[in-house]
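Peer 1: Got a sequence here, can you build the structure:
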Amino acid sequence: MDAPSVEVEVEGEVAVPADRPGTASSVVVDDRLRPSADLGDALQTVPGLHIRRLGGLGAFTTVTLRGATARQVELQLDGIPLNPDGATAVDLSEWPVWAFERVDVWRGIAPIAAGPGGAGGVINLVTGDRAAAQGAVAGGSFGTSTGRMLWSGPSGPARKSDGLIALDAFATAGGFPYLADGGTPFTTLDDRIASRANADKRQVSAQARWRSHGWTVLESALARDEGVPGFTTDITTASRYTVWRDLLAIRRTGAWGGARWTTSVWGVGRDEALADPRDEIGIGVEQVHDRAGSVGGVAQLAVAPTSGLRADGVVDLRLDGWGRVGEPAMRASRRVARIGVGGAGFGRGWSVEPGFWALAFDDRQGDAVVPRVSALPRVAARVQLAPPVSLHGQLGRSVRPPDLDELFGDRGAWVGNPDLRAEQAWSADVGADVAADAWSLSAVGFWTEATDRIVFVQNAQQVAQPINLAAASLRGVEVGAAVGARGLDASLAATWTDAVQRSAAPTYDGNPLPRVPAWEIQSTVSGARGPVQLGGTSAFVAGTWLDSAGFQQAGPRWILGAFGRLTLGQWQVTADIRNVANRIAEVGPRDPLVDDGSVAVRAMTDFLGYPLPGRVALVGLVWSR
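Peer 2: As a prediction, this is how the structure comes out:
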């Protein structure tokens, strides 16, 4: 599913040559994915990529690339930015994977047409244009049920237009068992198996797209209501979180001579509410109601004077707003201008793509106005040594201002910090690709030097707040492999990352960056014979520290999954089992700071101390045409 040198598209429209510079992967959404796959499952076999889940199925899920934070990865929907300049951490669980044809991943530096991105890269969710009609229902463990409907294809007079409608619904009680240690990790005397409480979720989403004669209209809406279950040591009973989100975008594309142009306008609104009437999370009783929105427009021009040259220009303007309803009322806004220029040169067996972005923005809260301007140069190149072998490399700078939530937000489990500074980074990579008809192999070494990196740290009450680290150094190696022949498909992604803090404070200098795993190995294999398909997944993660001081380390974990399909004409019967071995605990050093060989058993958790579920089984029925 991951090919290191593949044809991808920018903005879902402009085809990119297979020999384009940069480090790119394209994940195709088809039956090679497990039946109950979400976006996190689809992406986890991309080298250098890490998925973080805040609990079980349907829980808050974010993506990081090469040790970057979730806000340092820009996600797009058909080229429309969902979190431009890291304006938020996009929750992947809000976006149903089956509404897309594929997902393009630019690791590190992205092309000019894809925007400046972040230190991690750019991920573009592409709706595609293949004709399809599908409906599916599934259900299983912990009261989980799902349903989806997808239609796409040509429409209108002479069938010169095409449309897409995708509906998705998800619900779960979420009461899975987990290991509760009573908040005393150094003793097992009070350990017990408890049931996750207040972990129910209900979500519905709708997505529609219409294209005709160079015009595209895109609409996406979501409603979600869920309990906020709390940490393993502090179970909640009444804390709730709800969100409403709506996005509308209009695009016009055209060509004139050797030039191609695109203009887009969009608006997105988000309404979030957190209710904690019993003071179960955070500090004190909370009733937080926030509204955020963004409106923007972008104009792009690509000119190809000869077959070996191309020039690109982008002008991107945006206004972000954020506000808190109730007392005390708060308002903040940000105006952003992004201007990018670049180009590309192509020859026999080589290509090079330089670019430059100018980023200007100002933050406004009350009468205070803080303007900032940043210059972001970048360059990428590729050389083909022989038909199946190519070398590539890239270098660039990124800047991400703290978003309005990081500055002023309040989610109970974390609160904002108005004193944050913009984070900056220089990133580079160099790698090699080998691609044949039935297999591919890639190996890439990457490096990032960051200053003022924003990380969340927890206090004694387990309330997290973002702070700036003076500096951080990240380096690593990512390897990807894929094989597909005679009904067998297999993929492997392995990543080693050395991520350390740089600080004048001896307590932090040289410590590992929190929540960046040192090792991650993901693999998927599936085989089909006649109407039967069987497959399995494997996920290994190790070397993850949970705090900046280097006191808490998660134990290594290895999780296996299995799935199958039986196809009978237009119908499919599906089965999916996650965490086959039912692992809910992990073994790690009793004290990471003392190498005495003693170990302790702890709950298997992720992100900020939320436990992960054991065995989950789902069965489903799919109709497609």
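
Peer 1: How many neighbouring residues does Leu568 have?
Peer 2: Leu568 has 8 neighbouring residues, counting by other C-beta atoms under 10 Å. Any C-beta I mention is one placed from the backbone N, CA and C, and that applies to glycine too.

Peer 1: I'd say it and Thr574 touch.
Peer 2: No. Applying C-beta atoms under 8 Å, one finds Leu568 not in contact with Thr574, separated by 11.8 Å.

Peer 1: Any regions of the stretch 101-250 of the chain where pLDDT drops low?
Peer 2: 156-159, 183, 185-186 (pLDDT under 70).

Peer 1: one more time with 50, if that's ok
Peer 2: Applying pLDDT under 50 to the stretch 101-250 of the chain picks out no residues at all.

Peer 1: Just the strands from the stretch 51-200 of the chain, written as ranges.
Peer 2: 61-65, 73-77, 80-81, 102-107, 121-126, 132-140, 144-155, 161-172, 177-180, 192-195 (DSSP state E, counting those that start in this stretch).

Peer 1: So which of those strands is nearest Gly345?
Peer 2: strand 102-107 (19.3 Å; C-beta to C-beta).

Peer 1: what helices or strands is the closest one leaning on?
Peer 2: If contacts are counted by 3 or more C-beta pairs under 8 Å, 6 or more residues apart in numbering; DSSP states H and E, strand 102-107 sits against strand 23-28, helix 39-43, strand 121-126.

Peer 1: most neighbours per residue, which of the ones you listed?
Peer 2: strand 121-126 (a mean of 26; mean count of other C-beta atoms under 10 Å).

Peer 1: which other residues reach that strand?
Peer 2: For strand 121-126, the external contacting residues (C-beta atoms under 8 Å, 6 or more residues apart in numbering) are 9-12, 39, 43, 63, 65-66, 68, 73-79, 95, 100-110, 114-115.

Peer 1: Would you mind getting the angle between that strand and strand 23-28?
Peer 2: 30 degrees (axes from the mean of the first three to the mean of the last three C-alpha atoms, to 10 degrees).

Peer 1: Just checking the distance from strand 121-126 to the centre of its chain.
Peer 2: 9 Å (C-alpha atoms, centre = their mean, to the nearest Å).

Peer 1: how far off strand 102-107 does that strand point, in degrees?
Peer 2: 170 degrees.

Peer 1: Name every strand pairing with strand 121-126 and say which way it goes.
Peer 2: Using DSSP bridges, the strands paired with strand 121-126 are strand 73-77 (parallel), strand 102-107 (antiparallel).

Peer 1: one step back: can you tell me which of the helices and strands packed on strand 102-107 is nearest to Ala173?
Peer 2: helix 39-43 (20.6 Å).

Peer 1: what's the closest one packed up against?
Peer 2: Secondary elements touching helix 39-43 (3+ C-beta pairs under 8 Å, 6+ apart): strand 49-53, strand 61-65, strand 102-107.

Peer 1: Quick check: the gap between Leu395 and Val383.
Peer 2: 15 Å (C-beta to C-beta, to the nearest Å).

Peer 1: before we move on, back to that, dump the helices and strands packed on helix 39-43 into TSV; add mean neighbour count as well.
Peer 2: Shown next, in TSV, are the helices and strands packed on helix 39-43 (neighbours: other C-beta atoms under 10 Å):
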stretch	mean neighbour count
strand 49-53	23
strand 61-65	25
strand 102-107	25
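
Peer 1: Those strands: which one's closest to Pro466?
Peer 2: The nearest among these, by C-beta to C-beta, is strand 61-65 at 14.5 Å.

Peer 1: Make CSV out of the helices and strands packed on strand 102-107 and add distance to Pro556.
Peer 2: CSV is the format used below for the helices and strands packed on strand 102-107 (distance: least, C-beta to C-beta, whole Å):
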stretch, distance to Pro556
strand 23-28, 26
helix 39-43, 20
strand 121-126, 26
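
Peer 1: quick one: which of those is nearest Gly445?
Peer 2: Gly445 lies closest to strand 23-28 among the helices and strands packed on strand 102-107, at 10.7 Å (C-beta to C-beta).

Peer 1: Can you list the strands that that closest one pairs with?
Peer 2: strand 102-107 (antiparallel).

Peer 1: would you put the C-alpha positions of the partner strand in PDB?
Peer 2: Once non-C-alpha atoms are left out, strand 102-107 reads as follows in PDB (Å, rounded to 0.1, in the frame of the first residue of the first chain):
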ATOM      1  CA  ARG A 102      -6.600   7.700  -1.700                       C
ATOM      2  CA  VAL A 103      -4.400   9.600   0.800                       C
ATOM      3  CA  ASP A 104      -1.300  11.400  -0.400                       C
ATOM      4  CA  VAL A 105       1.500  11.900   2.200                       C
ATOM      5  CA  TRP A 106       4.400  14.300   1.700                       C
ATOM      6  CA  ARG A 107       7.000  13.600   4.400                       C
END
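
Peer 1: just to revisit the earlier point, show me the one of the strands of the stretch 51-200 of the chain that comes nearest Thr263.
Peer 2: If you check each of these against Thr263 by C-beta to C-beta, strand 80-81 wins as the nearest, at 12.4 Å.
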